[in-house]
Every structure is written in structure tokens, then in C-alpha cells.
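**Student:** coordinates only, no sequence provided:
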């Protein structure tokens, strides 16, 4: 293998790492994040979840299930929509920050984006992405329970919104970061073992 052949292989490797195919993949993931966020906002705005979760009715003092007043439904829906807006904003800001971090790390000569747990969680392999979007759907799905619980507490509107946002964000971020760290650890473990055996 001559020097020109070695240079060609190096150039091909750099193109595969930093070229348009990898960039297009990250851009596609960012686009899916935006679509998922818009769907989550539309879901909360639509209000069908109030009927699915049984929040549009309540048991009165005589033990009968009666429709909840429209003002109460609108109030609960407003809390859920406001808290979901904060969660979606955090999700998109984190995704954009990780997108820029990965692009900058891959553009530098010594950058390694795979070492960053948060970036790997948002722009990792297929298994990581499957877990990411599954956990996103799960967080949106269970969040109405948080808002309904906070609605029954004696707290201000701001506290209900902020607390609901925090509970939803923790439901999403903590398992995702732990899973991303675990997947990255298992992926690097065979490489480390092989390197020690040489």
C-alpha cells in the first residue's frame, strides 16, 4: 500500500465521518424531534386526553358520575398545555444544542461526540433513538396524571405548571441518560477488552 492509497483511505474516512450523509442523518433526527414536539403540543391542545383519562367527569357527593364543568376542564387543559410547552421547549433546545455540539465535535480534529452522554442520547444509534422516542411518548402519556394530581393540591397556578413540567422532564431525561450511558458503556467495553488483549 503506497502513500497515495493510504491518503485516499484517510480522505474517505473523513468524508464518511464529516460528510453530507452523516450531516443529513443528524438533520433528519432534528426534524423528527420538531415533528414529535408539534404532535405533543397538538395532542395537549386537542383535549381528547381529558376524556380518555376520565378527567372530564367526576363523582359527586351522591356517588354519581357527572360531567365536569367546562371552566374546570379548560383550567386543567390550560395547565397541561402550559407545562407541556415548557417540556417541549426544553426538549427542542436540548436537541438543537446536541446537534451543534456533535457537528462541532466531528468538525474538530480531536473531538469525539460519542463520549458525551447527552449528545449520544439524542443523536446516538438506532437502539438509543428508539428508546428516546418511546420514552418521549411515554412521558407525554403519563404527564396528565401529574397535572391532575397537582390540580387537586392547594397550590398556585405557577407552582402547578412548574412542578408538572419538572416531573415530566425528569420522567424523560433521567431514564434516557441512564440508558444512553449504559448502551455506550456496553459498546465501548468490548473495544476496551480487545485493546487490552493486544
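**Tutor:** Yep, it's here. All of these numbers come straight from a predicted model, not from anything done at the bench.
**Student:** for the lengthiest helix in the chain, name the packing helices and strands.
**Tutor:** Secondary structure of the chain per DSSP state H: the longest helix is helix 157-197. Counting contacts by 3 or more C-beta pairs under 8 Å, 6 or more residues apart in numbering; DSSP states H and E, helix 157-197 packs against helix 70-107, helix 117-123, helix 126-151. Backbone N, C-alpha and C define where each C-beta goes, glycine included.
**Student:** helix or strand with the lowest mean pLDDT in the chain?
**Tutor:** helix 3-18 (a mean of 40; mean pLDDT, DSSP states H and E).
**Student:** helix or strand right after it?
**Tutor:** Next in sequence after helix 3-18, counting helices and strands by DSSP states H and E, comes helix 20-46.
**Student:** which element follows that following helix toward the C-terminus?
**Tutor:** Next along from helix 20-46, by DSSP H and E: helix 48-52.
**Student:** pull out the buried residues from that following helix.
**Tutor:** 49-50 (16 or more other C-beta atoms under 10 Å).
**Student:** from here on, call the first residue 5.
**Tutor:** Renumbered: residue one is now 5, and that last one reads helix 52-56.
**Student:** now it, how far from the chain's geometric center?
**Tutor:** Chain-centre distance of helix 52-56: 23 Å, with C-alpha atoms, centre = their mean, to the nearest Å.
**Student:** I'd like the next helix or strand past it.
**Tutor:** Defined by DSSP H and E, the subsequent element after helix 52-56 is strand 61-63.
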